[in-house]
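In: sequence below, structure please.
(chains A, B, C, D and E)
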Amino acid sequence: MMKKSENKISRKIGSIPGTLIHIGKKGKGNVKVSSICYNESHLEEKVFDANEAEFDANSNNQVKWINVDGIHQVNTIDQIGQAYHLHPLLLEDVLNTYHRPKVESFDKYLLFTLKMLGIDAVGKHIISEQVSFVLGKNYLISFQEREGDLFEPIRDRIRSSKGKIRKKGADYLLYSLIDAVVDNYFLVMEHFSEKTENLEEEVFENPDEKILKKIHTVKKQLAHLRKSIYPLREAISSIIKEENTLVINDTNKYFRDIYDHTIHIIENIESQRDVVSGIKDLYSSEQSNRMNNIMKVLTIIATIFIPLTFVAGIYGMNFENMPELKWEYGYLTVWLLMLTLFVGMIYYFKKKRWL
Amino acid sequence: MMKKSENKISRKIGSIPGTLIHIGKKGKGNVKVSSICYNESHLEEKVFDANEAEFDANSNNQVKWINVDGIHQVNTIDQIGQAYHLHPLLLEDVLNTYHRPKVESFDKYLLFTLKMLGIDAVGKHIISEQVSFVLGKNYLISFQEREGDLFEPIRDRIRSSKGKIRKKGADYLLYSLIDAVVDNYFLVMEHFSEKTENLEEEVFENPDEKILKKIHTVKKQLAHLRKSIYPLREAISSIIKEENTLVINDTNKYFRDIYDHTIHIIENIESQRDVVSGIKDLYSSEQSNRMNNIMKVLTIIATIFIPLTFVAGIYGMNFENMPELKWEYGYLTVWLLMLTLFVGMIYYFKKKRWL
Amino acid sequence: MMKKSENKISRKIGSIPGTLIHIGKKGKGNVKVSSICYNESHLEEKVFDANEAEFDANSNNQVKWINVDGIHQVNTIDQIGQAYHLHPLLLEDVLNTYHRPKVESFDKYLLFTLKMLGIDAVGKHIISEQVSFVLGKNYLISFQEREGDLFEPIRDRIRSSKGKIRKKGADYLLYSLIDAVVDNYFLVMEHFSEKTENLEEEVFENPDEKILKKIHTVKKQLAHLRKSIYPLREAISSIIKEENTLVINDTNKYFRDIYDHTIHIIENIESQRDVVSGIKDLYSSEQSNRMNNIMKVLTIIATIFIPLTFVAGIYGMNFENMPELKWEYGYLTVWLLMLTLFVGMIYYFKKKRWL
Amino acid sequence: MMKKSENKISRKIGSIPGTLIHIGKKGKGNVKVSSICYNESHLEEKVFDANEAEFDANSNNQVKWINVDGIHQVNTIDQIGQAYHLHPLLLEDVLNTYHRPKVESFDKYLLFTLKMLGIDAVGKHIISEQVSFVLGKNYLISFQEREGDLFEPIRDRIRSSKGKIRKKGADYLLYSLIDAVVDNYFLVMEHFSEKTENLEEEVFENPDEKILKKIHTVKKQLAHLRKSIYPLREAISSIIKEENTLVINDTNKYFRDIYDHTIHIIENIESQRDVVSGIKDLYSSEQSNRMNNIMKVLTIIATIFIPLTFVAGIYGMNFENMPELKWEYGYLTVWLLMLTLFVGMIYYFKKKRWL
Amino acid sequence: MMKKSENKISRKIGSIPGTLIHIGKKGKGNVKVSSICYNESHLEEKVFDANEAEFDANSNNQVKWINVDGIHQVNTIDQIGQAYHLHPLLLEDVLNTYHRPKVESFDKYLLFTLKMLGIDAVGKHIISEQVSFVLGKNYLISFQEREGDLFEPIRDRIRSSKGKIRKKGADYLLYSLIDAVVDNYFLVMEHFSEKTENLEEEVFENPDEKILKKIHTVKKQLAHLRKSIYPLREAISSIIKEENTLVINDTNKYFRDIYDHTIHIIENIESQRDVVSGIKDLYSSEQSNRMNNIMKVLTIIATIFIPLTFVAGIYGMNFENMPELKWEYGYLTVWLLMLTLFVGMIYYFKKKRWL
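Out: Purely as a prediction, here's the structure:
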């Protein structure tokens, strides 16, 4: 699932701490930088080409949201870092896409990193994209790995001045963006609960052997989800608890809402994992039951015919002196004997509930 | 069990935080709102039609309990919200029926959400209904998903002035309602302990293959119960611990009583889960024992007759020169030989305790 | 084990909090109330008939121990409650025999509830009886479900003035009684460690199929024990830690001793549970080994004779032109051939260590 | 392993708290009491016969170490207790050899109890001996169950004035003794890691059925070790953390060293347990693989010969009109047919990788 | 894996605490001591032969890094210890290579111990080497077991004055060295994730029996990794949290970075362990499926031919009066009968999905 990419972490080893190296899937095309500046009365949008971008840190009395799509061009990231005086360790974290979700507060800003999760078109793979937010006094910088995100509704809300977003600060914007990401987790979870329901049905109705591989895959994906989401809980909780001048008290209540959602998601993941384990057990039990039944029937057939064959064998012997062979109804008698044996055994097996 | 409903959470995604959207099973009919106003000497009951309801927040020196049956008509909820100045996030939580039980305190009121659980008529499914309480200074608003609840005895107690309820405040009313819900959990647990006892008996007496599915279902239902009740513990505990002007010290002791009950219920659920796992193991072991015994007997029958058939085969050969065939008692001898073999093997198997 | 009784909890549902309803096995006969009043120099014992009992709360400078055998006559309990101004919730807890062990402190007294455990005469069932203690300034009330208890040695000690008990207060009396109950747990645990040792032996020596049921029963009983004793740890610990005017500092050291014993018991239960699980695994492994061996031997017998039968079958064919049949030593040759096959196969299986 | 001894705990039940009763294996011979008195310049050793021993508590400016070998003569213990004003509960703990390791501080001294572990001569059983230390201002009393201990090197160090021991107080002596006991745990662990390595090898090379019993035994022994050592961690940690006038700051660093060792040992035990579980799994898997292979080969032999026997059976029929029987090369043809069948089946099984 | 070496811990038992004894694999050759002295403007490197080494503790205003390769010559370690006034317990820890990673602060310096991990050339074994750092005011002493380390890039950075290292103190140097070791863990983890991916593929494609041994080995190695890395988390965390004059505030941020990496590594190890367990389960399931299928086919073949052989047996009987034998088309009829039986059974098995 993440086969090729994890290797590249080795590129960083041995380098000076704070050196900017992009670790992750190589993006294509130019990095795209865009900005939205707004307050209650004002709105201004710009798109920069990464190479010619100029960043001005001050945007008095307005909230400035700079969005960066693509982090594979290190020098662009470096420019932004210098414009906003960002700590090299922060930039290093932004560039390393294998980071756990976390929040880290620096003097004048804080870094919030999390994973944007989705399901690919075929519905087989989880798409994971790291998003990092730098929240400053009146600006927010978001770094994404690729173009295309879940933030379009929020941009629309800003443009159309719907909701409270235009009246509030950068912290509320951060909340809105994280909320969008976390809300999307519910969609991913719905996908998985459908998947597990299908697996469950399949196990009861017509299980084939591929189901083991499917279960294994779902299990691994859930473990991956867990790893991606679990640390978020701690991160949001530390935003809520820590005294922080960047997130004002009023916004805190909103973060607590996200916190509840995160807990909900995590509980969902845990119970999905339980369900999948349950399905696996069920499959094994069902499978062994099925197998046992087949073997039982087959063995019973053999068991019935082996004694009968023995009887036939007896009268196939060539002794000169075998009186039965000369009886007029000898042959008939043997047939009756065998029939009796046959019926007797069937009856016995039925009585014992083996059939 | 919850197949269709969980999907609808997707309706909310992308919407503005605080937007009121009902998430859950669509209720039928009009939302019914009723109120009871009481103090020690006074009692007044009203029923509103949701569309024409007027809500007046102040009820000086009386406790006002407003009960809302049905939360699928968002505008009614919105009206109540405005009448009592409720925070949009609170209303959002009330409308989202997939919430975990929780308590959240706002400036002038607190929200308490929990699940009303029951067993359906057939005894197969768990019925789960979310109830949210908003506790204010001298009012309590309860939101239920459907008409019909566990609160009738409490209404009777208010009407007939039985117990202390008329002498106490809204916090005691909240306690009484939660107590009714939690008491009902015991009924649900009794249902499950009967179920597991039946399963246990079935495993020992006549297990068939459907039992696996039954066990799987019970397991899933217990997991569902656990998920619905477990967070309640934390919620009640935070009511007890937090300094709170809404819940007075005297009522605190009553909440501690509910807390004990909740712990008791949770322990019951855990031990039921253990028991069900134990039953599953037992079934597997019993099943494989049973199977092994069948196979053993069958294999023994085959094992006895295969050598005998061989002997018969020997004397079925057509060699010209086979002296035994011409012996007068040859045939008899062979019978004796086979009988000896037969008895010998039976004896051997008995001695080895294979039979 | 607790089949019938657990149902009755439903009787309480819907009743007013604080309503006195006895939940548990219906006791027979009259409730018996007795009291012992003592200080260093003085001793007075009384037995009341429940119906005519008069309780006087004050017993200046003496310790008064009131013991109630039987809690099924609610009005007696109510009388005592009124005499000592006990809180209705406390009495409710005393009457509900399905309570977890707990300590709860009220203004002027505290409630301590725990389980008296024993093994019945046949050694098959655990007998569980709830004992509740109400500890006041200079009195102690103990409520038991039935007559007959573990407290006789303590009564003797009081009567004969052995040990320090006559010199100390009600808190020391409480300690002594709890100590007697906890000490008895060791006896129960010894019973179980014998049981598991017997199971272990049985598994290695002559396991039959009933062992599964036995293991299942022991497992359930240990789970029951755990549930009955585990919360005690917390209860005693809270007595030790909480500032409490009822339990003086000197007695605290004694409670710490009980605490140690409780931990010891709990650890014992846990390790017994491990051992029983281990035995179950062992039985399964042993069983499958045994089964495998049987099947192996049986299959080997069949495997040896099937090819031999084939050879015999060959020379049972009736082709006119089968030169071997006319050879003088044909029959003998076939025997030799079959013997070689037989020995060869045996040798092969031995070499492969299949036999 | 501990079969007989655990029973005796019942002797204590019903007795007055603080009554001195020895619980454990009955020791033989007289209790031996010896003392070493030392400071930097002075050294004096005495051996008492238990019956005539006189104990003098004060040993000004010297460290006095009293060692008691054997605790089965209760009156000796009682004498010492009175000489040093030891609390009855402390003596009770010293006499009860089924205690968990613990530390308990009294007013003027503290009690430290732990287990001295060893392997018996045959290398099969764990030998466990309880050692209790009472640490006072300038004395240390050690109680052992039997003669013979791990403290000889420390006595030598005192005698020869090696290391710092003569310059330091009773707390350092306590540290040295505990250190000796804990160091010895490493030896026990080495014994077990050898044992598990041997088991591992045996599983891969020539597993027989006794291995299950061996694994079971090792598992139980590790559980026993864990139970004996685990509480020690807490005990030492409480010595380090608690403000304590008996253990001076300088010695604290040494106790922290023991703490590290204890953690190390516990981690070792845990990982040994994991390894043993792994071995058990491995054995089961290997065993079932092996069994499956045997059954497969046997079944294949049967499967090949059964159709061949059928063919032979066909031409053993006695129909008058069977043209093949009269063909000149009929017999040969049948042989060829059977050969083809044989080769074909072998080829098929090989291709399917069943052989 | 660590077979021989663990034994030597017994050498230490009974020795005086603080005695310097090397515990671990005996190194070869002389211990090599080298030092680098630097500040922003100055750099000086020296190599000492262990026997003639002179250590001067003071290096005013410069950072002095002394590196010791080889700790098997106790007297060298002792010399260094004396030169820098190191506590005997510290030196003991340095010499004991079986220590858990830990940090321990002394008055004027702190000890940091961790494991340098690698994979050997063949890719089969984990190489583990203990590194101990003593961090003083302006010096750092590193003790390694063998020559050859991961620190060459850092030496280069110092020499070439790359990065900030020359501008910072000894604490930053310590950070850089630990960072190098932790970064290398990622390489080790990559090795393992490749290994598990290969195992996974092997299980699905062509599992043979050696895979069990491989899985067992990987499991043990992961357990070993876990044991080596897990305590590091606690150690680094205590550096971050503790007030410490040796690690200045600015460097703290860097240690937090390492902390994040350590958590990441530990999570990776845990999930690898899960994956390996999953693979093991998968293998077992796949294996039993495969086996079941083989047995099923084999049994079906036998089951089909046994009744046919019986039919043939019938007409091999030698009764004088068997009318069928004389029918003209008797033989043909029997063939048809057997053919019908054959086709019927195949059809039945197909319909039942047994084939």
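In: now A:Asp207, what are its backbone angles?
Out: Not Asp; residue A:207 is Pro. Backbone torsions of A:Pro207, given as degrees, to the nearest 10, read phi -70, psi 130.
In: so which residues of the stretch 51-200 of chain A form strands?
Out: Ranges of strands in the stretch 51-200 of chain A, per DSSP state E, counting those that start in this stretch, are A:63-69, A:102-105, A:110-119, A:126-135, A:139-144.
In: the third one and chain E, any residue contact?
Out: This points to strand A:110-119. No - using Cβ under 8 Å from any Cβ of the partner chain, strand A:110-119 stays clear of chain E, with a minimum separation of 10.2 Å. Heads up, the C-betas are built off the backbone N, CA and C, glycines and all.
In: what's in contact with that strand?
Out: By Cβ atoms under 8 Å, 6 or more residues apart in numbering or on different chains, the list of residues contacting strand A:110-119 from outside reads A:90, A:93-94, A:99-105, A:125-135, A:144, A:149-150, A:174, A:178, A:181, A:184-185, A:187-188, A:191, A:225, A:228-229, A:232, A:235, A:239, A:244, A:246.
In: around chain E, which positions in the stretch 151-300 of chain A sit nearby?
Out: Proximity of the stretch 151-300 of chain A to chain E is confined to A:209, A:212-213, A:216, A:219-220, A:223, A:227, A:280, A:284, A:287-288, A:291, A:294-295, A:298-299 under the rule Cβ under 8 Å from any Cβ.
In: could you rerun that using 10 Å?
Out: Contact residues (Cβ under 10 Å from any Cβ of the partner chain) of the stretch 151-300 of chain A with chain E: A:206, A:209, A:211-213, A:215-216, A:219-220, A:223-224, A:226-227, A:230-231, A:277, A:280, A:283-284, A:287-288, A:290-295, A:297-300.
In: give me the subset of these touching chain B.
Out: Among these, the residues within reach of chain B (Cβ under 10 Å from any Cβ) are A:Ser284, A:Ser288, A:Arg290, A:Met291, A:Asn292, A:Asn293, A:Met295, A:Leu298, A:Thr299, A:Ile300.
In: helix or strand with the lowest mean pLDDT in chain A?
Out: Among the helices and strands of chain A, strand A:43-49 carries the lowest confidence by mean pLDDT, DSSP states H and E, at a mean of 83.
In: does chain B sit close to that strand?
Out: No - using Cβ under 10 Å from any Cβ, we find that strand A:43-49 stays clear of chain B, coming within 17.1 Å at best.
In: my guess is A:Cys37 is in a strand, correct?
Out: Yes - the assignment for A:Cys37 by DSSP: H, G, I helix; E, B strand; the rest coil puts it in a strand.
In: ok, back up a step: restricted to helices, list the ones next to chain B among the residues of the stretch 151-300 of chain A next to chain E.
Out: Residues of these located in helices (DSSP state H): A:Ser284, A:Ser288, A:Arg290, A:Met291, A:Asn292, A:Asn293, A:Met295, A:Leu298, A:Thr299, A:Ile300.
In: how many residues are close by the residue in the stretch 151-300 of chain A that chain B sits nearest to?
Out: Residue nearest to chain B within the stretch 151-300 of chain A (Cβ to the nearest Cβ): A:Gly163, separated by 3.8 Å. Neighbourhood size, A:Gly163 [other Cβ atoms under 10 Å in any protein chain shown]: 19.
In: can you pull the contacts of it?
Out: A:Ile154, A:Arg157, A:Tyr172, A:Ser176, B:Ser15, B:Ile16, B:Pro17, B:Gly18, B:Thr19, B:Pro88 (Cβ atoms under 10 Å, 6 or more residues apart in numbering or on different chains).
In: tell me the one of those residues nearest chain C?
Out: For the contacts of A:Gly163, the nearest to chain C is B:Pro88 (34.6 Å; Cβ to the nearest Cβ).
In: now the residue of the stretch 151-300 of chain A closest to chain B: phi and psi?
Out: Note on A:Gly163: its backbone torsions stand at phi 70, psi -160 [degrees, to the nearest 10].
In: what about it, distance to chain C?
Out: 44 Å (Cβ to the nearest Cβ, to the nearest Å).
In: follow-up on the earlier one: switch the strands of the stretch 51-200 of chain A over to TSV; also include mean pLDDT.
Out: As requested, the strands of the stretch 51-200 of chain A are exported to TSV (pLDDT from 0 to 100):
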stretch	mean pLDDT
strand A:63-69	91
strand A:102-105	88
strand A:110-119	92
strand A:126-135	92
strand A:139-144	93
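In: could the ones you listed go into a markdown table alongside mean neighbour count and distance to D:Ile265?
Out: Output for the strands of the stretch 51-200 of chain A, formatted as a markdown table (neighbours: other Cβ atoms under 10 Å in any protein chain shown; distance: least, Cβ to Cβ, whole Å):
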| stretch | mean neighbour count | distance to D:Ile265 |
| --- | --- | --- |
| strand A:63-69 | 23 | 52 |
| strand A:102-105 | 19 | 35 |
| strand A:110-119 | 22 | 39 |
| strand A:126-135 | 21 | 41 |
| strand A:139-144 | 23 | 47 |
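In: and the helices in the stretch 201-350 of chain A?
Out: With helices called from DSSP state H, counting those that start in this stretch, the stretch 201-350 of chain A shows them at A:210-241, A:249-314, A:323-326, A:330-351.
In: would you format those as a markdown table with mean pLDDT and mean neighbour count included?
Out: As requested, those are exported to a markdown table (pLDDT from 0 to 100; neighbours: other Cβ atoms under 10 Å in any protein chain shown):
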| stretch | mean pLDDT | mean neighbour count |
| --- | --- | --- |
| helix A:210-241 | 90 | 19 |
| helix A:249-314 | 89 | 19 |
| helix A:323-326 | 88 | 14 |
| helix A:330-351 | 92 | 14 |
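In: could you list the low-pLDDT ranges of the stretch 51-200 of chain A?
Out: Applying pLDDT under 70 to the stretch 51-200 of chain A flags the ranges A:51-60.
In: now the helices: where do they sit in it?
Out: Using DSSP H, counting those that start in this stretch, the helices of the stretch 51-200 of chain A run over residues A:74-83, A:88-95, A:152-160, A:170-205.
In: include mean neighbour count when you put those helices into CSV, please.
Out: Converted to CSV, these look like this (neighbours: other Cβ atoms under 10 Å in any protein chain shown):
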stretch, mean neighbour count
helix A:74-83, 17
helix A:88-95, 21
helix A:152-160, 15
helix A:170-205, 20
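In: can I get these in a markdown table with distance to chain D?
Out: Below are these laid out as a markdown table (distance: least, Cβ to the nearest Cβ, whole Å):
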| stretch | distance to chain D |
| --- | --- |
| helix A:74-83 | 42 |
| helix A:88-95 | 32 |
| helix A:152-160 | 48 |
| helix A:170-205 | 23 |
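In: which residue is the nearest non-sequential neighbour of the closest residue to chain C within the stretch 51-200 of chain A?
Out: Distances between the stretch 51-200 of chain A and chain C by Cβ to the nearest Cβ are smallest at A:Glu200, namely 27.1 Å. Distances taken as Cβ to Cβ, 6 or more residues apart in numbering or on different chains put A:Ile279 closest to A:Glu200, at 5.5 Å, once the chain neighbours are dropped.
In: measure the one you found to B:Met338 for me?
Out: Using Cβ to Cβ, to the nearest Å, A:Ile279 is found at 53 Å from B:Met338.
In: just A:Arg290 next, same as before
Out: 38 Å.
In: and A:Lys26, by the same measure?
Out: A:Lys26 sits 80 Å away from B:Met338, going by Cβ to Cβ.
In: A:Val122 too?
Out: Computed with Cβ to Cβ, the distance linking A:Val122 and B:Met338 is 67 Å.
In: right, I'll leave it there.
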